[in-house]
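1. Can you look at this prediction? I've put the sequence above it.
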Amino acid sequence: MSPSQLFSNTATTVAHASGRPSGFLLALAVVLVWAATGPIFNYSDTWQLVINTGTTVVTFLMVFLIQNTQNRDTQAIQIKLDELIRATKGAHNALMDLEELEEAHLNRFRDKYAELAKSARARLERGEEDTDVPDA
């Protein structure tokens with residue numbers, strides 16, 4: 001297994017586990033154990049440093065794991081949306097891979113579709129349908 005695959009599998013496993021009730025319960029248990037040991041260690045600076053360092057390190061690592069999982073999920077959704085656009089008669093294939101465009105180009109598309117939405121709402125207010133296929 002390549003390092004990339006290993007990271008991807010680890011990221012998916014950790015992201016899923018941390019999002020489950022058992023992941024929350026584990027984190028809660030760690031905090032409760034830490035809190036319970038406060039009197040034993042006289043609430044020392046070292047005792048406080050343990051939880052601060054631990055949570056900082058876990059948070060730092062989780063950012064990368066969750067971002068990796070989110071990137072892959074987003075990429076998969078984009079591919080599925082591209083396929084729906086490609087397979088739908090009358091759909092504009094130019095909308096495929098919009099996420100690759102620069103912001104100025106995206107803004108032009110957004111403005112065009114905002115105008116289409118405004119027109120559709122006006123038709124609805126007149127009692128007309130808004131299920132047409134717009135002109136290219």
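-> Happy to help now that I have it.
2. what about the helices in this structure?
-> Per DSSP state H, the chain carries helices over the ranges 3-18, 21-36, 45-87, 103-125.
3. so what secondary structure elements neighbour the third one?
-> Meaning helix 45-87. helix 3-18, helix 21-36 (3 or more CB pairs under 8 Å, 6 or more residues apart in numbering; DSSP states H and E). C-beta coordinates here come from the backbone N, C-alpha and C atoms, glycine included.
4. mind running it again at 7 Å?
-> helix 3-18 (3 or more CB pairs under 7 Å, 6 or more residues apart in numbering; DSSP states H and E).
5. Walk me through the domains of this protein.
-> 3-94, 101-136 (automatic domain parsing).
6. ok now the longest one, how far from the chain's centre?
-> Which is domain 3-94. 11 Å (CA atoms, centre = their mean, to the nearest Å).
7. Mean pLDDT lowest where, among the domains of the chain?
-> Of all these, the minimum mean pLDDT falls on domain 101-136 (a mean of 86).
8. chain center to that domain, what's the gap?
-> Per CA atoms, centre = their mean, the centroid offset for domain 101-136 relative to its chain is 26 Å.
9. Which positions within stretch 109-127 qualify as buried?
-> For stretch 109-127, a neighbour-count test (16 or more other CB atoms under 10 Å) marks residue 120 as buried.
10. same deal with stretch 42-54?
-> Across stretch 42-54, burial judged by 16+ other CB under 10 Å covers residue 47.
11. what sits up against it?
-> Residues outside stretch 42-54 that contact it (CB atoms under 7 Å, 6 or more residues apart in numbering): 34, 37, 38, 41.
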